[in-house]
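J.: Model the structure of this input:
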Amino acid sequence: MKPLILLFMIAFTAPISAQELVEFTALNDKVSLKVPKSFSPMSKEILEVKYPSSRRPTEVLSDPTSGVSIAFNHTKTPMMLSQIEEGHRSISKMFHRLYPSAKWIRDETITQNGRKFMVLELVTPAIDTKIHNIMYGTSVDGRFLLVAFNVTTEQANEWLPVGKQIMKSIEVKE
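T.: The predicted structure is shown next:
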């Protein structure tokens, strides 16, 4: 009887939507992270709707609904690793001004997988919902790289734990 109870407990306490994560590389294999196997590149049509041309990321992966995404933006902005903390202060101020009603969760610099990152995690208003954003920024090839995980607050219970795993897996190889 005990094994049956244990099996029942495991079955009903396991995450409902466990996502299989697979290795993904971007920027000519300089950045790697684990992403859900079901994610694929966002279509050009959806990219054009979600991101104005002046701010379109270098690459975006999303779930089949395009409601959950991971965006990579390797900007033209020069930034060395030694400038991450200074860059964080500037970008943080900009986001605080852009989104005065945002709910802030994290706003810091960290070292992860041997690399310095700025981390901004906040919930921002959108046209018809709120978006939970987790953004990590660092330097790659002397330029600012921003990796962002985005999910609507309606989908956050299911996807936020996965998003945190994704972001913790980011590694840069230079």
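J.: can we go C-alpha only for contacts and neighbour counts from here?
T.: OK.
J.: partner residues bridging the residue nearest in space to the middle of the chain?
T.: Residue closest to the mean C-alpha point of the chain, counted by C-alpha atoms, centre = their mean, is residue 149 at 2.2 Å. Counting by DSSP bridges, residue 149 is bridged to residue 70, residue 134.
J.: if I pick it, what's in contact with it?
T.: 68-71, 133-135, 163, 167 (C-alpha atoms under 8 Å, 6 or more residues apart in numbering).
J.: what does the helix or strand containing residue 105 contact?
T.: Using DSSP states H and E, residue 105 sits in strand 103-112. Contacts to strand 103-112, defined as C-alpha under 8 Å, 6+ apart, come from residues 84-85, 88, 92, 116-124, 168, 171.
J.: buried sites along the helix or strand that that strand is followed by?
T.: Later in the chain than strand 103-112, the nearest helix or strand by DSSP H and E is strand 115-125. Across strand 115-125, burial judged by 16 or more other C-alpha atoms under 10 Å covers 116-125.
J.: next one: stretch 80-91
T.: Quick answer for stretch 80-91 (16+ other C-alpha under 10 Å): 81, 84-85, 87-88.
J.: ok, now stretch 93-107?
T.: 102, 104.
J.: Also stretch 26-33?
T.: By neighbour count with 16+ other C-alpha under 10 Å, stretch 26-33 contains the buried residues 31-33.
J.: Low-confidence ranges, this protein, go.
T.: Within the chain, the stretches with pLDDT under 70 are 1-18.
J.: where exactly do the strands run in the chain?
T.: Here the chain has its strands, by DSSP state E, at 21-26, 31-36, 40-41, 59-62, 68-78, 103-112, 115-125, 130-140, 143-152, 171-172.
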